[in-house]
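A.B. asks: Structure for the following, please:
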Amino acid sequence: MERIVVSPQIHFGKPIVKGTRITVQNVLELLNEGLSFAQIIQDYYPDLKKDDIQACLQYAIAPETALLSEAALAEDWMRLEEDDAWSYLQMNRKGTKYGS
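C.D. replies: Okay, here's the model as predicted:
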């Protein structure tokens, strides 16, 4: 699932559609309101593809399979200052294989 990523620099580490600032939560809320994929793309997020919306649904079902690869997380970790490490862990531990 390469379409959903987490970056501490974007939306405080909330999962987003890769290459955008569109959160998974925003897409899921629109689906919950009963909007179709076509309506979401046409009326809200014209840059999204059907596969992006499907990836958001997959993330809701199985978040541990939809996040950045372990290697990418390790790269982010190496860039952090020691003081930021705890904040990074707190933001990213939910929904990964490292947390609940």
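
A.B. asks: okay, CA-based contacts and neighbour counts for the rest of this
C.D. replies: OK.

A.B. asks: And for residue 50, the neighbour number?
C.D. replies: 11 (other CA atoms under 10 Å).

A.B. asks: Actually, residue 61.
C.D. replies: 11.

A.B. asks: Over to residue 49?
C.D. replies: Neighbourhood size, residue 49 [other CA under 10 Å]: 14.

A.B. asks: Nearest spatial neighbour of it, chain-adjacent residues omitted?
C.D. replies: Nearest residue to residue 49, sequence neighbours excluded (CA to CA, 6 or more residues apart in numbering): residue 41, at 7.2 Å.

A.B. asks: That neighbour and residue 25, how far apart?
C.D. replies: As judged by CA to CA, to the nearest Å, residue 41 and residue 25 stand 15 Å apart.

A.B. asks: so the residue nearest to residue 49 sits in a strand?
C.D. replies: No: Residue 41: not assigned to a strand; according to DSSP: H, G, I helix; E, B strand; the rest coil it is helix.

A.B. asks: wait, doesn't it sit right on residue 53?
C.D. replies: No: contact criterion CA atoms under 8 Å: residue 41 and residue 53 do not qualify, at 9.0 Å.
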